[in-house]
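**Student:** one predicted model, sequence on top.
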Amino acid sequence: MPLNIPNLLTWGRILLIPLFVGVFYAPHDWLKPPEQNLAATLIFIVAAVTDWLDGYLARTLQQTSAFGAFLDPVADKLMVAAALIILVQLDRTDTIVAFIIIGREITISALREWMAKIGAARSVAVSFLGKVKTASQMVAIPMLLYHDPLPFFSPQWVGTWLIYLAALLTLWSMVYYLRMAWPHMAEKT
């Protein structure tokens, strides 16, 4: 495991997950619900920024590694899954939305692993559609975490629409990836 700045940022993102979840389990005399919402939102945003930053630094500093390429998406999926589970528990999003997003991530991760084993990983490389899905979800989740109304703006309302859009794009991108992989799957089965 190469110890470099991008990998350290990825490990830091993984270490933020228990802190992120723990915010909602802190006693209310430590953190009141609006403070919990703000703290969790800020932690999630820091994690999202470090996700972008570790990729940028890995390319800029030429510190890409197979381990980093493995760990980075794992860290992302763990943080998003933790956030979605918390949002379901807080009744800020539907269980089906969380199931669709988490289920797709597991399915596509397994598909990518299998495609890599048969030498066809490029067939399921990240698409523009996948990037739009990720952007929608990474904007929706902080809004749903923050939850509290602002003057002339409802983060909960906007976040709800964006998370439904992310769920729709999640299904669409999963179908896209499965269609790209289908010829290889039919050939190898």
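**Tutor:** Happy to help now that I have it. Numbers count the residues shown, from 1 in each chain.
**Student:** distance check, residue 20 against residue 83.
**Tutor:** 7 Å (CB to CB, to the nearest Å). Bear in mind the C-beta positions are built from the backbone N, C-alpha and C, glycine included.
**Student:** what of residue 41?
**Tutor:** Look at residue 41 and residue 83: by CB to CB, they are 10 Å apart.
**Student:** now list whatever residues contact both of those two.
**Tutor:** residue 145 (CB atoms under 8 Å, 6 or more residues apart in numbering).
**Student:** quick one, which of these two is more surrounded?
**Tutor:** residue 83 (28 against 22; other CB atoms under 10 Å).
**Student:** contacting residues around that one?
**Tutor:** 20, 44, 141, 145 are the contacts of residue 83 under CB under 8 Å, 6+ apart.
**Student:** what about 10 Å?
**Tutor:** Contacts for residue 83 (CB atoms under 10 Å, 6 or more residues apart in numbering) come out as 17, 20-21, 40-41, 43-44, 47, 93, 98, 101, 137-138, 140-142, 144-145.
**Student:** which strand or helix spans it?
**Tutor:** helix 66-89 (DSSP states H and E).
**Student:** got the CA coordinates for that helix in PDB?
**Tutor:** Extracted in PDB, the C-alpha atoms of helix 66-89 (Å, rounded to 0.1, in the frame of the first residue of the first chain):
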ATOM      1  CA  ALA A  66      -3.700   0.300  -8.100                       C
ATOM      2  CA  PHE A  67      -4.400   0.400  -4.300                       C
ATOM      3  CA  GLY A  68      -5.700   4.000  -4.600                       C
ATOM      4  CA  ALA A  69      -7.900   3.100  -7.600                       C
ATOM      5  CA  PHE A  70      -9.400   0.400  -5.400                       C
ATOM      6  CA  LEU A  71      -9.800   2.300  -2.200                       C
ATOM      7  CA  ASP A  72     -11.200   5.600  -3.500                       C
ATOM      8  CA  PRO A  73     -14.500   4.200  -4.800                       C
ATOM      9  CA  VAL A  74     -14.800   2.000  -1.700                       C
ATOM     10  CA  ALA A  75     -14.500   5.100   0.500                       C
ATOM     11  CA  ASP A  76     -17.100   6.900  -1.700                       C
ATOM     12  CA  LYS A  77     -19.600   4.100  -1.500                       C
ATOM     13  CA  LEU A  78     -19.200   3.700   2.200                       C
ATOM     14  CA  MET A  79     -19.800   7.400   2.900                       C
ATOM     15  CA  VAL A  80     -22.800   7.500   0.600                       C
ATOM     16  CA  ALA A  81     -24.300   4.300   2.000                       C
ATOM     17  CA  ALA A  82     -23.800   5.600   5.600                       C
ATOM     18  CA  ALA A  83     -25.500   8.900   4.600                       C
ATOM     19  CA  LEU A  84     -28.400   7.200   3.000                       C
ATOM     20  CA  ILE A  85     -29.000   4.800   5.900                       C
ATOM     21  CA  ILE A  86     -29.000   7.800   8.300                       C
ATOM     22  CA  LEU A  87     -31.400   9.700   6.000                       C
ATOM     23  CA  VAL A  88     -33.800   6.700   6.000                       C
ATOM     24  CA  GLN A  89     -33.600   6.400   9.700                       C
END
